[in-house]
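1. The following comprises the amino acid sequence and a computationally predicted model.
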Amino acid sequence: MDNQPRAVVAVGVRPDDAGMPAAPWPFIGAEARSSAVVADRAMRRDYEQLYPGVFVPRGAEPSARQRAEAAWLWSKRRGVVAGQSAAALLGVRWVDGRAPAELIYDNRKAPSQLVVRTERLAAGETFALGSMRVTTAARTAFDVGRHTASRVSAVQRLDALANVSGLTVTEVDAVAAAHPGVRGLRRLRSVLALVDGGAESPQETVARLALVDAGLPAPRTQLRVFGDAGEFIARLDMAYGEAKVAIEYDGAQHWTDPAVRQRDIDRHFALAEQGWLVIRVSRDLLRYRRPTYVARVEGALRERGFDLSATVNPVTGQQRLAS
């Protein structure tokens, strides 16, 4: 089964800012003129081309979804939205609207800020989103995993896609089996072994990979914790349930929002009462002091008697040596 987004919202085609022009956008300039949707004077004054012949409000910063639609319009509505553009339409929040849109299309003479690939699409690898054709979640993952050069970025993107779509590695494997010998298969397989749809932000992915890369076992994601009477206590970002060691990624809101801060205090107290040890991690800790973060997790696991000697790296298949 190809998992599609739980809810698809129409691409944002009307500007929200009061100062923006009122015409739906992006649009094909020639069509807007011929149908008198936008007058010539307004076109020159209020709009600019995002892609040849495709217009957006002057000074607008299109979202990834809007850029995807603009690219599709540039293709004369014949291209298939793919890659990160498809991920955005499938509901992934972390796609940068400034990044190039991606299409599968037979015209390789793409303008700036648009990536066009001429690749074969098998039956069942696209679906209709309004008038657009978009690659399915499994085909999107197949493309993103092959074409993303950075290993960490690839896992972040696939984690996010799996999170919103319920996509499984088995489904991506099925797409790969239908395209033997294509470029990037080795890269795809190396990152699929690391994908976990429980990650709810790119930084949670980084935090998990830091542990795996250090030779520690991958923690479970989004583990629910209940009290002695069965009452719900918390849903943990990452955890080693057997050892009762939790890892919580603290974004900016955990420090700047007083209500979130107070909930965190109460939550961590309740977890401590249940015997949980919570290790908190921030963006700065991951960026500048990653060995400290890894050492804290490893130390907590050893303190709880967790057996680290049998850990196997999911990519290399090599067993971790006891230290």
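-> Thanks, I have it.
2. what helix or strand does the residue lying closest to G83 once chain neighbours are set aside sit in?
-> Closest residue to G83 apart from its sequence neighbours, by CB to CB, 6 or more residues apart in numbering: E102 at 3.3 Å. The way it works is simple: take the backbone N, C-alpha and C, and place the C-beta from them, glycine included. Secondary structure assigned from DSSP states H and E places E102 in strand 101-104.
3. mind listing what that strand pairs with, with the direction of each?
-> The pairing partners recorded for strand 101-104 under DSSP bridges are strand 80-81 (antiparallel), strand 114-117 (parallel).
4. tell me the mean pLDDT for the longest one?
-> Along strand 114-117, the predicted confidence averages to a pLDDT of 97.
5. And the helices in this structure, which stretches?
-> 29-34, 40-46, 64-74, 83-89, 137-147, 151-165, 169-177, 185-192, 202-213, 253-256, 258-273, 283-288, 290-303 (DSSP state H).
6. now for those helices, which one comes closest to M238?
-> Distance to M238, taken as CB to CB, is lowest for helix 202-213 among the helices of the chain, at 6.1 Å.
7. Could you name the helices and strands sitting against the closest one?
-> Helices and strands touching helix 202-213, by 3 or more CB pairs under 8 Å, 6 or more residues apart in numbering; DSSP states H and E, are helix 151-165, strand 232-240, strand 245-249, helix 283-288, helix 290-303.
8. Go again with 6 Å.
-> Here helix 202-213 touches helix 151-165, strand 245-249, going by 3 or more CB pairs under 6 Å, 6 or more residues apart in numbering; DSSP states H and E.
9. Contacts for it, please.
-> The contact list for helix 202-213, computed with CB atoms under 6 Å, 6 or more residues apart in numbering, reads 94, 155-156, 159, 199, 218, 237, 249, 281, 283, 286, 290, 297.
10. if I pick T148, what's in contact with it?
-> Neighbours of T148 in contact, by CB under 6 Å, 6+ apart: A154.
11. if we go to 7 Å?
-> A154, R157 (CB atoms under 7 Å, 6 or more residues apart in numbering).
12. Quick check, pLDDT for it.
-> Here the pLDDT value assigned to T148 is 98.
13. Now do the contacts for the residue nearest the centre of the chain.
-> By CA atoms, centre = their mean, the chain has its centre lying nearest to A160, at 2.9 Å. For A160, the contact set (CB under 7 Å, 6+ apart) comprises V92, W94.
14. so what's it scoring on pLDDT?
-> A160 is assigned 98 on the pLDDT scale.
15. which secondary element of this structure has the worst mean pLDDT?
-> For the chain, counting by mean pLDDT, DSSP states H and E, helix 253-256 ranks last in confidence among helices and strands (a mean of 53).
16. for this protein, what are the low-confidence residue spans?
-> Residues of the chain that meet the criterion pLDDT under 70 lie in 1-22, 252-258, 260, 310-323.
17. so how far is Y47 from the residue of it most remote from its centre?
-> Ranked by distance from the centre of the chain (CA atoms, centre = their mean), the top residue is R41, with 40.4 Å. Here R41 is placed at a distance of 11 Å from Y47 (CB to CB, to the nearest Å).
18. ditto for R263
-> From R263 across to Y47, the span is 45 Å (CB to CB).
19. Between those two, which has more neighbouring residues?
-> More crowded of R263 and Y47, by other CB atoms under 10 Å: Y47, with 23 against 13.
20. among the helices and strands packed on helix 202-213, which is nearest K109?
-> Per CB to CB, nearest to K109 of the helices and strands packed on helix 202-213: helix 151-165, 26.7 Å.
21. Report the inter-axis angle for the closest one versus helix 185-192.
-> For helix 151-165 against helix 185-192, the angle by axes from the mean of the first three to the mean of the last three CA atoms, to 10 degrees is 70 degrees.
22. ok, back up a step: the residue farthest from the centre of the chain and W25: what is the separation?
-> Distance, R41 to W25, by CB to CB: 17 Å.
23. about what we covered before: tell me how far the residue nearest to the centre of the chain lies from A207.
-> Distance, A160 to A207, by CB to CB: 14 Å.
24. what do you get for A214?
-> 11 Å.
25. quick one, which of these two is more surrounded?
-> Neighbour tally, A214 and A207, criterion other CB under 10 Å: the higher count belongs to A207, 27 against 16.
26. now that one: how far from L216?
-> 12 Å.
27. same thing with A178?
-> 35 Å.
28. For these two, work out which one has more neighbours and name it.
-> The neighbour comparison of A178 against L216 (other CB under 10 Å) goes to L216, with 20 against 15.
29. Would you check that that one makes contact with A295?
-> No: judged on CB atoms under 7 Å, L216 makes no contact with A295 at a distance of 10.5 Å.
30. What's opposite R117 in the beta bridge?
-> I104.
31. any idea how far D143 is from it?
-> Separation of R117 from D143 (CB to CB): 8 Å.
32. Equivalent analysis for G305, please.
-> Separation of G305 from D143 (CB to CB) stands at 44 Å.
33. ok, those two, which is more surrounded?
-> D143 (25 against 8).
34. still on that earlier bit, make TSV from the helices of the chain and add distance to L223 to it.
-> Below are the helices of the chain laid out as TSV (distance: least, CB to CB, whole Å):
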stretch	distance to L223
helix 29-34	52
helix 40-46	51
helix 64-74	31
helix 83-89	26
helix 137-147	24
helix 151-165	15
helix 169-177	20
helix 185-192	22
helix 202-213	13
helix 253-256	18
helix 258-273	11
helix 283-288	20
helix 290-303	15
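35. Right, I'll leave it there.
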